[in-house]
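# predicted structure and sequence below. I'll ask about it afterward.
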Amino acid sequence: MLQEERHKIILQQITLHHKVLSNDLCLLLNVSLDTVRRDLAELEKDGKIIKVHGGALAKTFHQPFQQPAIYAQAEKKKIAEKALKLIHDGMSILTGGGTIMLELAKIIPPDLIGTFFTVSPLVALEVAQRSSVNVILLAGQLSPNSYICTGASVVSQLSEIHADLCFLGTNALSLGDGLTEYDWETVQVKKSLIKSAKKVAVMSISEKLETNHKLQVCKINALDYLITDLDPGDKKLLTYSQTCKII
């Protein structure tokens, strides 16, 4: 495979998942670790990515206050509008983080009555400045990759919460592997978020369906709702509809 082709695939993976691991790229591209490291170094030199230990990050995801654009923003806005229909006065809501969750935060009704728990400082700020709903940030160690709070303190706080509905974004979702991630601390927080809510809704652009990472958050049958940019009757969602409600 030519270098130009490898770079194109690497950028596509980073754009879709926000982060890539060098070992995963070795398997995907069928090249050595040294080759991947050289490719990442060149892409960073060109200003296209941020190289980190063991992989690389998308520049826009790593610098949320300087984002010139959000990947698939139109699709994420559509998903957020669908998700909003599940929220009603008096509910206690839990959320993870990510750009798709920020789109939801931007359209929370200003007069909403209820409680909004989140592990994302960015989501907390968006909701607090736009709505009178009670906002509670579950604080802990701030992840430099995802900008969510992680660690034992967050897991402990979540164990005391019994929310009506939890909204989660995802880096990968498939029928076989369920909801998966690449970061251990993020996985632990997401597992706790799921345990702390009566219902769980995953928000995902359709490009992430049938993709996977190495760490499992939960199986597909642990989800109550799947919210995508596709029409609920789309054939790509047919098998998912057997285990959760498609919105």
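Arrived safely.
# now what about stretch 25-35, what contacts it?
For stretch 25-35, contacts defined as C-beta atoms under 8 Å, 6 or more residues apart in numbering pick out 1, 6, 9-10, 13, 22-23, 36, 39, 55. Backbone N, C-alpha and C define where each C-beta goes, glycine included.
# please redo it, this time with the cut-off set to 6 Å
Residues from elsewhere that reach stretch 25-35 (C-beta atoms under 6 Å, 6 or more residues apart in numbering): 6, 36.
# using CSV, write out every CA atom in that stretch.
Taking C-alpha atoms only, stretch 25-35 is exported to CSV below (Å, rounded to 0.1, in the frame of the first residue of the first chain):
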residue,chain,number,x,y,z
LEU,A,25,-3.4,0.7,12.6
CYS,A,26,-0.7,-2.0,12.1
LEU,A,27,-3.4,-4.6,11.7
LEU,A,28,-5.7,-2.4,9.6
LEU,A,29,-2.9,-1.4,7.2
ASN,A,30,-0.9,-4.6,7.4
VAL,A,31,2.4,-2.8,8.1
SER,A,32,5.0,-2.7,10.8
LEU,A,33,4.8,-0.5,13.9
ASP,A,34,7.8,1.5,12.7
THR,A,35,5.9,2.3,9.5
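# now it: buried residues?
25-26, 29, 35 (16 or more other C-beta atoms under 10 Å).
# kindly report the same for stretch 174-194.
174, 177-183, 185-194.
# and it, how far apart are its ends?
End-to-end span of stretch 174-194 (C-alpha to C-alpha, to the nearest Å): 17 Å.
# again, but for stretch 170-179
7 Å.
# any idea how far I100 lies from I205?
I100 sits 7 Å away from I205, going by C-beta to C-beta, to the nearest Å.
# who has more neighbours out of these two?
Taking neighbours as other C-beta atoms under 10 Å, I100 and I205 compare with I100 leading, 27 against 21.
# contacts for the helix or strand harbouring that one, please.
Using DSSP states H and E, I100 sits in helix 99-105. Helix 99-105 has contacts (C-beta under 6 Å, 6+ apart) with 70, 76-77, 80, 83, 95, 123, 126-127, 169, 203.
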